[in-house]
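> sequence-free structure coming up:
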């Protein structure tokens, strides 16, 4: 049960990140710090490209969250493949996200990139999937 709760919480957080990125009308504050420009200083074409990339990221977050929710069903039945699928998805989705947030922060230490939330979601998924093997 704890395993499912941890993975379920990670799923909800991922979906909420996706909703936040879908709803934004401009880049995040940390993007402005990294780029050294305010949103209004960017050309309209650049704004459109950035919003497009943010929407793609949003789709990834929502898709990942929904995937985790679906994987709770076989996880509850004790099917080991589901835990392996959760671990694999964490390595291909969450590990790169955490790496990029750290990389951006190292580029510009003043940028408040979402390192902690990214690490928390990764930790929740790893702990949840790991407990499924116990």
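Right, received. Where do you want to start? Note that the structure is a prediction, hence the values are computed from the model and not measured.

> ok, which stretches of the chain are strands?
Assigned by DSSP state E, the chain shows no strands.

> how about low-confidence regions in it?
Low-confidence segments of the chain (pLDDT under 70): none present.

> what about the helices in it?
2-23, 29-35, 44-76, 80-89, 95-107, 115-133 (DSSP state H).

> just send those helices back as TSV, with mean neighbour count too.
The C-beta positions use only the backbone N, C-alpha and C, and glycine is treated the same way. Formatted as TSV, the helices of the chain follow (neighbours: other CB atoms under 10 Å):
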stretch	mean neighbour count
helix 2-23	18
helix 29-35	16
helix 44-76	16
helix 80-89	16
helix 95-107	15
helix 115-133	18
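
> pull the number of nearby residues for residue 40.
Residue 40 is flanked by 7 other residues according to other CB atoms under 10 Å.

> look up how far residue 107 lies from it.
23 Å (CB to CB, to the nearest Å).

> now do residue 58
23 Å.

> likewise for residue 37?
Distance from residue 37 to residue 107, by CB to CB: 15 Å.

> you'd agree residue 113 is up against residue 105?
Yes. In terms of CB atoms under 8 Å, residue 113 counts as a neighbour of residue 105; the distance is 4.7 Å.

> now do the shared contacts for those two.
Taking CB atoms under 8 Å, 6 or more residues apart in numbering as the criterion, residue 113 and residue 105 do not both touch any residue.
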